[in-house]
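Peer 1: Okay, sequence plus prediction incoming.
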Amino acid sequence: MSRAYILTRILHGDGEAFDEGQVVLPKTIRESRGWRAGMEFLVEETAQGILLRPVRPFPPTRVEDIAGCLAYSKTVLLEADWVLRSVFSYTDEEVREAFAGVIGIPTTHVEGGAAVQEALRLVEEGFDFADALHLAYRPAGAVFVSFDEKLVRRAQRAGVPDVVLAGRTRLN
């Protein structure tokens with residue numbers, strides 16, 4: 001028969017037991033398992049002895065379980081792109097695959113979904129995600145002005161209209 005106890009007090013010692021159902025475990029065991037005061041354990045009597053199992057208040061969560069419950073804004077996608085590339089060394093293609101996977105979950109809502117899809121297509125053309133997303137979000141017919149010469153050349157090669165270099169074209 002299993003019964004849950006709450007480990008409310010951790011003391012240094014070699015496994016003393018107290019009347020209140022408290023157990024004192026050696027520090028090396030507590031630290032190696034990440035156990036802390038106040039944790040709840042299932043205590044099971046087995047043929048080999050007593051088994052302590054931490055009680056998890058919630059079942060393990062998978063990305064698939066929560067990703068569809070979220071809405072992703074343009075800002076969140078841009079920040080995620082930066083983190084994935086600069087912190088985790090993702091390539092542009094890996095970022096594109098990650099975003100395509102998340103937005104492919106049927107219950108996921110992405111702000112400007114069509115623009116994000118277009119941005120992902122532009123990534124396949126060699127754009128980085130942030131540039132591609134800014135291009136895809138511009139209003140129809142709007143001229144995109146940039147200080148980035150490589151971006152302007154890349155847009156011209158990819159057939160993206162109305163992308164000009166700042167200071168080189170005068171707009172009315």
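Peer 2: Thanks, I have the structure now.

Peer 1: Now do the most centrally placed residue in the chain against V116, distance only.
Peer 2: The chain has A80 as the residue nearest its centroid, 7.5 Å off, counting by C-alpha atoms, centre = their mean. Distance check for A80 against V116: by C-beta to C-beta, to the nearest Å, it reads 12 Å. Backbone N, C-alpha and C define where each C-beta goes, glycine included.

Peer 1: Map the structural domains onto the sequence of this structure.
Peer 2: Per the record's domain assignment (automatic domain parsing), the chain is made up of the domains 3-54, 63-137, 142-172.

Peer 1: can you pull out the strands in this structure?
Peer 2: Assigned strands in the chain, in chain order: 3-6, 40-46, 49-54, 71-72, 109-110, 144-146, 163-165 (criterion: DSSP state E).

Peer 1: got JSON lines for the ones you listed, with mean pLDDT, mean neighbour count and distance to F127 too?
Peer 2: Compiled in JSON lines, the strands of the chain are given as follows (pLDDT from 0 to 100; neighbours: other C-beta atoms under 10 Å; distance: least, C-beta to C-beta, whole Å):
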{"stretch": "strand 3-6", "mean pLDDT": "44", "mean neighbour count": "13", "distance to F127": "55"}
{"stretch": "strand 40-46", "mean pLDDT": "78", "mean neighbour count": "13", "distance to F127": "51"}
{"stretch": "strand 49-54", "mean pLDDT": "80", "mean neighbour count": "12", "distance to F127": "47"}
{"stretch": "strand 71-72", "mean pLDDT": "79", "mean neighbour count": "14", "distance to F127": "19"}
{"stretch": "strand 109-110", "mean pLDDT": "82", "mean neighbour count": "16", "distance to F127": "18"}
{"stretch": "strand 144-146", "mean pLDDT": "92", "mean neighbour count": "16", "distance to F127": "12"}
{"stretch": "strand 163-165", "mean pLDDT": "92", "mean neighbour count": "17", "distance to F127": "11"}
